[in-house]
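J.: Give me the fold of what follows.
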Amino acid sequence: MRFDIVSAVPEVFAGWRATGMMARGQHAGAVTIAVHDLRAYATDRHRMVDDYPFGGGAGMLLKPEPLFAAVEDLRGGDAAVPVVLLTPQGRRFDQAQARELRAAPRLVLVCGRYEGVDERVREHLVTHEVSIGDYVLTGGELAAMVVVEAVARLVPGVLGDHESASEESFAEPLLEYPHYTRPAEFRGWRVPEDLLSGHHERVRLWRRREQLRRTLERRPDLVARWRLSQEDRRLLARTV
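T.: Sure thing, here's the model as predicted:
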């Protein structure tokens, strides 16, 4: 899968792209992450990508010309390639949307900045508007990293153990169960006996019960949205 990121500050992505899961995924050939300098698409000698808003007001807006030029160049005439604008006005990003975006072989991500973008970019260029939360950041670069990581880890070959992607929080709309490692006892706190039993079914049932309990305590809204199996209902009854 290919990710093309358009940013006015592309240097922000250097360390992130070259380390950890992102580096492994690219080395394995599972994903390609290309970062493009928006200023390279500016046509004036000062490489300006922002300007004052008509009607006055604080801040600057990203101009339409370089954004259209960058996205159209990266799409290469393929209008089917999704264009994702990272903006506080977008849909709240979640695992379901990560799976939706994973269905495309390529994504172009546009990092908003300053006070936002010219409205014509929203109306005529982008296909998705995404927000990672109700707070203000300097720009969309951090949000782009979040989206790329969430989508990329669904691509086979990116994670060291692909099975781990299916067991993480929000792989289904429930939180993940607790995890323990050695030692079996630390400062008097023991690992639950079911996990030490070596009995696969006991381990599975304990994990599922704890997953349901933790979700009920911390995110009951997720339990309400999840279609519980008969086994889930029995396990959940033991947690309340």
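
J.: now for the longest strand seen in the chain, which elements pack on it?
T.: Using DSSP state E to define each element, the chain has its longest strand at strand 83-92. Applying 3 or more C-beta pairs under 8 Å, 6 or more residues apart in numbering; DSSP states H and E, we find strand 83-92 packed against strand 106-111, strand 128-131, helix 141-152. In this view, the C-beta of every residue, glycine as well, is placed from N, C-alpha and C.

J.: of all these, which lies closest to Asp37?
T.: With C-beta to C-beta as the criterion, Asp37 lies closest to strand 106-111 of these, at 11.2 Å.

J.: Direction included, what does that closest one pair against?
T.: strand 2-7 (parallel), strand 83-92 (parallel) (DSSP bridges).

J.: closest one to Arg106 among the ones you listed?
T.: Closest of these to Arg106 is strand 2-7, at 4.5 Å (criterion: C-beta to C-beta).

J.: could you give the angle of that closest one to helix 141-152?
T.: Counting by axes from the mean of the first three to the mean of the last three C-alpha atoms, to 10 degrees, strand 2-7 lies at 170 degrees to helix 141-152.

J.: which parts of strand 2-7 are buried?
T.: Phe3, Asp4, Ile5, Val6, Ser7 (16 or more other C-beta atoms under 10 Å).

J.: now stretch 178-194
T.: Quick answer for stretch 178-194 (16+ other C-beta under 10 Å): Asp194.

J.: got CSV for the strands paired with strand 106-111, with mean pLDDT and distance to Arg122 too?
T.: Below are those laid out as CSV (pLDDT from 0 to 100; distance: least, C-beta to C-beta, whole Å):
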stretch, mean pLDDT, distance to Arg122
strand 2-7, 98, 15
strand 83-92, 95, 7
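
J.: contacts for the longest strand of the chain?
T.: With contact meaning C-beta atoms under 8 Å, 6 or more residues apart in numbering, strand 83-92 is reached by 71, 75, 97, 101, 107-112, 116-117, 121-122, 125-136, 140-141, 143-144, 147.

J.: Pull the distance from it to the chain's centre.
T.: 12 Å (C-alpha atoms, centre = their mean, to the nearest Å).

J.: quick check: angle from the next helix or strand after it to strand 2-7?
T.: Going down the chain from strand 83-92, the next helix or strand is helix 95-102, by DSSP states H and E. If you take the same axes, to 10 degrees, helix 95-102 sits at 110 degrees to strand 2-7.

J.: now for helix 95-102, which elements pack on it?
T.: Short answer (3+ C-beta pairs under 8 Å, 6+ apart): helix 95-102 packs on helix 141-152.

J.: what does the helix it packs on rub up against?
T.: Helix 141-152 has contacts (C-beta under 8 Å, 6+ apart) with 1, 3, 5, 7, 9, 12-13, 16, 21-22, 25, 30-31, 33, 84, 86, 93, 95, 98, 101-102, 107, 109, 111, 130-132, 137, 158.

J.: circling back to that earlier point, want to try TSV for the strands paired with strand 106-111, with distance to Glu210 as columns?
T.: Formatted as TSV, those follow (distance: least, C-beta to C-beta, whole Å):
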stretch	distance to Glu210
strand 2-7	35
strand 83-92	27
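
J.: quick one: which of these is nearest Leu222?
T.: Short answer: strand 83-92, nearest of the strands paired with strand 106-111 by C-beta to C-beta, at 14.1 Å.

J.: Name the residues of that closest one that are buried.
T.: Neighbour counts over strand 83-92 (16+ other C-beta under 10 Å) mark Val83, Val84, Leu85, Leu86, Thr87, Pro88, Gly90 as buried.

J.: Go through those and name the one nearest Tyr52.
T.: Thr87 (19.3 Å).
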